[in-house]
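1. pasting a predicted model and its sequence here:
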Amino acid sequence: MDVIIAFLTEYGYVGMLASAFLAGSFLPFSSEAVMLGLLATGLDPWGLILYGTAGNILGGLFNYGVGRMGRLDWIEKYLHVKKKDLDKAQRFMAGHGAWMGFFAFLPVLGSAITILLGLMRANIVISTTSMAIGKFLRYVLLVYGASMLAS
């Protein structure tokens, strides 16, 4: 993982976009570590927040698209998201639908939420908007927290 993070930090904002895409999709990846590394190199925090948010949304939309295909066997086999995780996400969402995309930033459960939104064929505009708000706020809090610790 350290080698991958070092590789992505060399590519600046594009590395942030790529790592956020990976983290936003079904892959267990830490875009936060890449963002903190890139912050330490002196890149603009707002640029990192925007690229990170965009990549994370694209990763979530990838999951949404896979979920929309409706192939539970593919979701378990290729995305390694278990039926129990989808069931847990469904209980968490409890009929709230597309606005629950806000919580797509949560570890493990976030991937299941975005896949489930696709399975449910939730409104894509509301799903994307709610994902964007949650993912953006998470990165803002990360940058703010890092700047507070650095002070």
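-> Cool, got the structure.
2. use CA for all of it now, contacts and neighbours both
-> Fine.
3. which residue packs closest to residue 109, ignoring adjacent ones?
-> Leaving aside its sequence neighbours, residue 109 sits nearest to residue 89 (CA to CA, 6 or more residues apart in numbering; 6.1 Å).
4. meant to ask about residue 7
-> Closest to residue 7 by CA to CA, 6+ apart is residue 15, at 7.9 Å.
5. check the gap between the one you found and residue 23 for me.
-> In this view, residue 15 and residue 23 are 12 Å apart by CA to CA, to the nearest Å.
6. most centrally placed residue in this structure?
-> Compute the mean C-alpha point of the chain, and by CA atoms, centre = their mean the closest residue is residue 24, 2.6 Å away.
7. residue 15: neighbouring residues, count only.
-> Neighbours of residue 15 under the rule other CA atoms under 10 Å: 25.
8. now residue 126
-> Neighbours of residue 126 (other CA under 10 Å): 16.
9. is it true that it touches residue 97?
-> No: with contact defined as CA atoms under 8 Å, residue 126 does not reach residue 97; the gap is 9.2 Å.
10. so how far is residue 42 from the closest residue to residue 83 other than its chain neighbours?
-> Closest residue in space to residue 83, ignoring its immediate chain neighbours: residue 76 at 7.1 Å, by CA to CA, 6+ apart. The gap separating residue 76 from residue 42 is 40 Å, by CA to CA.
11. which of these two has more neighbours?
-> residue 76 (13 against 8).
12. alright, I will stop here.
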